[in-house]
Each structure stands twice: as structure tokens, then as C-alpha cells.
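Q: Just to be clear, the model below is a prediction. Sequence and coordinates:
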Amino acid sequence: MSGDATLISATDLRAAFNERVILDGASLSILDGDRVGLVGRNGSGKSTFIRILAELATPDSGTVSRRKDLVVGYLSQDFTLDSSKNVYDNVKSGAQEVLDLIDEFEGLPADSHRHSEIEERIRFLDGWDLEHRIATAMSQLHCPAGDRAIDALSGGEKRRVALCRAIISRPDLLILDEPTNHLDNESIEWLADYLEHYPSAFLLVTHDRYFLERCINRMVELADGTFWSHSGTYADYLEAKASRQATAELVEHKRQVALKREWEWYRTGPRAQRTKSKIRMAAHERAVEEKAPEFEKDVDLVIPPPPPLGNRVAELANVGMEFGGRQLFSGVSLKFAGGQRIGITGRNGLGKTTLLKILLGELKPTEGEARVGPLTRFNYVDQARLALDPEATVLDAVGDGTEFVVFGEGRLSLRAYLKRFLFNDDRLVARVKHLSGGERSRLLLARILKRGGNFLILDEPTNDLDLPTLRVLEEALLQFPGVVLMVSHDRYFLNRVSTDILAFEGGGRVAFSSGNYDYYLEKRQRQEAPVRTAAPVPEVKGAKPAVPKSRKLTFKEQKELEGMEAAILVAETRVTELEGRFADPEFHRKYGTQTTDLTRELEMARADTARLFARWEELEVVRQASA
């Protein structure tokens, strides 16, 4: 297949939703080999566009051209599974094209002209290895057992089955809408690796920035009904977007200055130059009628200032939980302090949500206890969020009969509070059922956060939030002076916000690590790394052993070697000192504001120690060879 062949091309698409235009002359082509990340605010039209590509929706106008025999695979957010089939058969149905080709191939005579053509297509789709691929995908994505009934599955389990079904098909264009939702970090890593080696094109709609950075080679933003395409990674896109917005702002500023200057000329200019005056005024009126660029507004998300914490915030003392004869975890001991933002991570089903409910007092542990200080006020945001009445207005959905929101020591009007979440006067009286997906997401966030509290517990807070809102949420959490406990599989989010990680590692093990998620992974990999031994060199008959050419240490190298042990001792002492700070039970009280700097300093100290050891070994080899 040609690396630059056009698979699908959308031209001048227009579509409206509830009288709101979401695609306004939008055009985009996807080439063979493209790895596209599609981003945009919730409600901007991303899902509508990909449904049009998948031939599940029709634009109001515009055209979509497809390559002949193009096969498109699609995982939507509102997928359906066949309840008459079990898990395995639902997954296998994703490869129906391959199954049909194999049936046709096996029914053809050997001399058929179609024989080699079908065989090549089956080979390209990796059809002969279908059973193995199904088993691998179901295992790596932690799908439920293949013989289980669909109706007995949870929402998260059904989504894993649907994801397996989508990627098994190996289509020419794979479209995945929020594929990492409800996946744990291990599954996300496997899916990212799978897509890195995917032989055809794919398009991802996702808010997972780590996933975008790793998998894609082209970013496309849908904004104001049109597409903006940027080659490169997510980081390249952010840089290009910032430059694009700066240019637009400069152009608009110059336009406003010119309009003001033109108006001043018209108001004070000589009346005698009637003809020239009319020409300039006509130009001025055309400039006035030009549409100014619409700059994106961000949610002005400020978490209500919390009441003060007491000396004892909360504590887990040797907590364990057994459920259904299975030990979820045991021996979890942890003291919480103001300024901590603890990220909880691990595979689904290991007890993360259970631990939250023990802390909240909703579940009693089978061993140990949870102690909560008298001034601690929890604000728990669960995965199900809060139900919204579709007939209620935006004001009623958040106000609950009140016109004010308690904000620290004072009050904020409900209208002013909701405007921070980008609800203008018109949308404040709109009914919930008429809101876009993005507006619903912001409304839920507004309703949740207005409850206040000094100990926030967030269970998968990044699901269903668009990237701009995610960035604002991160900034708000970084400034929050209370305690934040958050379950998340969003690696980028955990790295940016977390001061500590509580990792559910399986087998009942729960590990606590100061620092962000990447630092936790680095420590775990070092602990699990096997001791490497030199592989034996095979003896080749008749060959003479190679004799390395020896040399002596220079005077400078000799002096360097003599001082190496002292340098290593200093470096190791610094590592030990920094590790001791992180292990201090009072770490967050003493050093809470320095966590990021200390983490970076510890990484540098460890790297310096490793460098010194490597140099010492190098010099010792030279010394011994010349002895």
C-alpha cells in the first residue's frame, strides 16, 4: 500500500446540533500511515465527525470520499454488544471480514484467480493468527472470561470487550473514541504499544495526553467548526497552537488600531474631500463588518477555599480488607497531611475504590481501622458522578433551591459561580437535556465542587473532561491547600499533580512512594530488575583469543582514579540524605512546597552516583590491564 494514498477525505462538511453549528465547512483528509489525534472541547463536534466517517451519521451538507473497498473500524463511546453472544464471540465478531475471507478462501479451487488475492489480504490482516491475537488482546486488556454472558458484565467490562472487538478487526482505518477510559495503566501501556506497531492508519479521540504523545504523528484540532492540522506530537501541537493564537491576537489588535485611526480621520478630516472620504468610509465599514477571531475561553475553575484542617487530618492504621474469601489488601498504614495530593493507581478490581470507602466510613475494614480528625470535611466525587435531572435548568441543577454558593468566608452568587464554568446568561436557563456533552461535563464539575470540603476524594476525575478543562482542573488542584486523594489511570495527570503515589500492585500489595508516577515506576523497575551476569562467549575452534591493546593511565586519569572513592562516597551520602527526607513521616509538613525540586535533586544525585561508578570501573579496567 502506498504510504501517501488518501484513505478518506471529508470536504466542506456542515452539521448543526440543536440549532448550534458544530461543523462549518470543515475539511480533512486522512492518508495511509496517518496516526491522528483529534482534540477539541467537549461538544465541539468530534463525535459527530467520526460518526460521519464511520457512515453512522450524515452531514447536513458536504461530501466524504473513501478509497475503494476501505474498511473502517470504530469504537464509539455509546457502543453496543450482542447480548445473544458471549464475551469471546462478541470479540471475534470484530474480525468478520477476516472470517468471511477465510471461508471464501477455503471454498475456492486451488487454481482460482481469486486464490492468491484473498490469501494476500488475509495475510495483511494477520488472519491466520486470529485466535492467538484474540487471546492476547483479551488477556492484556483484562477482559472478562470468554464464556461470560454480556448482560452480567459491568459498564467497564463491556467497554473492554468492545475495545477488543474493534482492534481485532485490523481495519484500514481504525477510529477509537476515548479508548483509554476504564483501562488501567498496564492495559494503556499495552494498547499504546499495539498502536505504535499498527500497520494501517488510525484516528484517536482522547484526552489522555501521555497516550497522544506516544502514539500519534499528527494532531488535528476541531475548533469553531473547522479543523486545524499540525504534524508532529502533542507537544508540537501545543507549541503550534500557542503561536497560531498569538498571531491571531496580533492581527486583531492591528485591525482594532486601524479602525480607531480610521474613525478619528473620518470624524475630524476635511469635509471638502467628499469623494475620497466616501471611499475611505466604505473601506472602514467593510473592516467593521469583518468577523473578529473567536478566542477560546477557559473555565475559571477555582475550588472553594476549604475550612482549616486540624492537627489530625486522617489516618489508615494497618488497614486490610477481605471480600468474598479474597484478600484485597492488608497492612495499609498512612497518615494524611495538608498539601498532600496522593494519586492512587493500579489495575481494576484490586480494591482502590474499596479503600476510599473505608476512609469515608462507608465500609468497615476486616483488619485495622481508619481514623478521621474532627475538622476533616470530605468531598467525594465518585465514578458515577451525580445524576442530573434532564428537565432541570442549569441554574436549578446546581442551585438546589439556593441563589448563592458558600465560598470560603463569604458567598458567591450562583450566576457568577456558573459563569466561571463558561455558562453565559442564555445557557443558565437552558434545560439539561439540551446541553452538549461538554456542557454537561462542566455542569457536573460545578455541582460537585460547590460542596466544598478540605479533603477532596476524586475517583477517575479525568474521565469525560476535555483537555482545556483538564488543564484548569490540574491548576486548581495544585493550588488547593487541603488534601487531595485521587484514583486515576491518566499518567500525565498523575505526573503533573501528585506529590505521592499509592500503588495497588496485586497480590494484596499496596506500595507508597513519594514523588510522581514516573518516579514510582522508575523505583519499581529498579527493584524488579534482574541481576545481570556476563553471557559466556562461545569458543570458536581454531580461533585465537583476542588480546586487547593495553595502555597506561595518563597522569590526569591516575589522579582522577585516586580521588574516585571519595567522590563516590560524597555522592552516595547525598542520595542517602535526600532519601531520608522523603522517608521522614513529617516530610509534607517540613518540605511540602519543595517536593518537585527535591525529587529532581534526588534523581540528579542518583544519576551522578551511577556516572561516577561507571567511570571508576572504566579507569580500573585500564589500570589492571597495564599492571
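A: Yes, it's here. Numbers count the residues shown, from 1 in each chain.
Q: All the helices of the stretch 151-300 of the chain, residue numbers only.
A: With DSSP state H, counting those that start in this stretch as the criterion, the stretch 151-300 of the chain has helices at 155-168, 185-196, 209-215, 234-268, 274-289.
Q: Now do the same for the first one: mean pLDDT, whole number.
A: Average pLDDT, helix 155-168: 87.
Q: what angle separates it from helix 185-196?
A: For helix 155-168 against helix 185-196, the angle by axes from the mean of the first three to the mean of the last three CA atoms, to 10 degrees is 20 degrees.
Q: how about stretch 132-148: buried residues?
A: Residues of stretch 132-148 classed as buried under the neighbour-count rule (16 or more other CB atoms under 10 Å) are 133, 134, 137, 138, 140, 141, 142, 143, 144, 146. Yep, even glycine has a C-beta here, placed from its N, CA and C like the rest.
Q: Save those as CSV, and put in pLDDT too.
A: Output for those, formatted as CSV (pLDDT from 0 to 100):
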residue, pLDDT
133, 87
134, 89
137, 88
138, 89
140, 87
141, 86
142, 85
143, 88
144, 87
146, 90
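Q: Give the ranges of residues in the stretch 201-350 of the chain that sit below the confidence cut-off.
A: With pLDDT under 70 as the threshold, the stretch 201-350 of the chain has low-confidence stretches at 245, 248-250, 252-253, 255-259, 261-302.
Q: For the nearest residue to residue 465 once chain neighbours are set aside, give me the pLDDT.
A: Counting by CB to CB, 6 or more residues apart in numbering, residue 465 lies nearest to residue 441, which is 5.7 Å off, once chain neighbours are set aside. What the model reports as pLDDT for residue 441 is 72.
Q: Which strand or helix spans residue 441?
A: helix 437-449 (DSSP states H and E).
Q: hang on, isn't the residue nearest to residue 465 packed against residue 466?
A: Yes - between residue 441 and residue 466 there is a contact under CB atoms under 8 Å: 7.2 Å.
Q: Now list whatever residues contact both of these two.
A: residue 42 (CB atoms under 8 Å, 6 or more residues apart in numbering).
Q: Am I right that residue 342 sits in a strand?
A: Yes - using DSSP: H, G, I helix; E, B strand; the rest coil, the assignment for residue 342 is a strand.
Q: is it in a bridge, and if so with what?
A: Counting by DSSP bridges, residue 342 is bridged to residue 485, residue 500.
Q: distance of it from residue 99?
A: 47 Å (CB to CB, to the nearest Å).
Q: quick one: which of these two has more around it?
A: The neighbour comparison of residue 342 against residue 99 (other CB atoms under 10 Å) goes to residue 342, with 20 against 14.
Q: wait, what's in contact with the more buried one?
A: So residue 342 contacts 336, 483, 484, 485, 486, 498, 499, 500, 501, 502 (CB under 8 Å, 6+ apart).
Q: Make sure the fourth one is actually in contact with residue 461.
A: If I follow you right, that is residue 485. No - the pair residue 485 and residue 461 fails to qualify as a contact (CB under 8 Å) at a distance of 10.8 Å.
Q: Give me the mean pLDDT for stretch 28-40.
A: Here the average pLDDT along stretch 28-40 is 92.
Q: Go through that stretch and flag the buried ones.
A: In stretch 28-40, counting by 16+ other CB under 10 Å, buried: 28, 30, 31, 32, 33, 34, 35, 36, 37, 38, 39, 40.
Q: Keeping just the C-alphas, turn it into CSV.
A: Taking Å, rounded to 0.1, in the frame of the first residue of the first chain, the C-alpha atoms of stretch 28-40 are listed here in CSV:
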residue,chain,number,x,y,z
LEU,A,28,-9.9,16.9,6.4
SER,A,29,-8.1,14.1,4.6
ILE,A,30,-6.6,11.0,6.3
LEU,A,31,-3.7,9.3,4.5
ASP,A,32,-2.5,5.7,4.7
GLY,A,33,0.0,5.7,7.6
ASP,A,34,-1.5,8.6,9.4
ARG,A,35,-1.7,8.4,13.2
VAL,A,36,-4.1,11.2,14.0
GLY,A,37,-5.0,12.6,17.4
LEU,A,38,-8.3,14.5,17.2
VAL,A,39,-8.8,17.0,20.0
GLY,A,40,-11.3,19.8,20.8
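Q: So that it lines up with my notes, have the first residue be 58 from now on.
A: Sounds good: first residue 58 from here, last item stretch 85-97.
Q: Check the offset of that stretch from the chain's centre.
A: 18 Å (CA atoms, centre = their mean, to the nearest Å).
Q: ditto for stretch 450-465
A: With CA atoms, centre = their mean, you get 31 Å for stretch 450-465.
Q: Outside of that stretch itself, list whatever touches it.
A: By CB under 8 Å, 6+ apart, stretch 450-465 touches 361-362, 445-446, 468-472, 474-475, 480, 484-489, 492, 496, 500, 503-504, 507, 509.
Q: are any of these buried, and which?
A: Buried among the contacts of stretch 450-465 by 16+ other CB under 10 Å: 361-362, 445, 469, 471-472, 474-475, 480, 484-485, 487, 489, 492, 496, 500, 503-504, 507, 509.
Q: Please report the distance of residue 101 from residue 439.
A: 27 Å.
Q: more neighbours, these two?
A: Comparing residue 101 with residue 439 by other CB under 10 Å, the one with more neighbours is residue 101, at 22 against 16.
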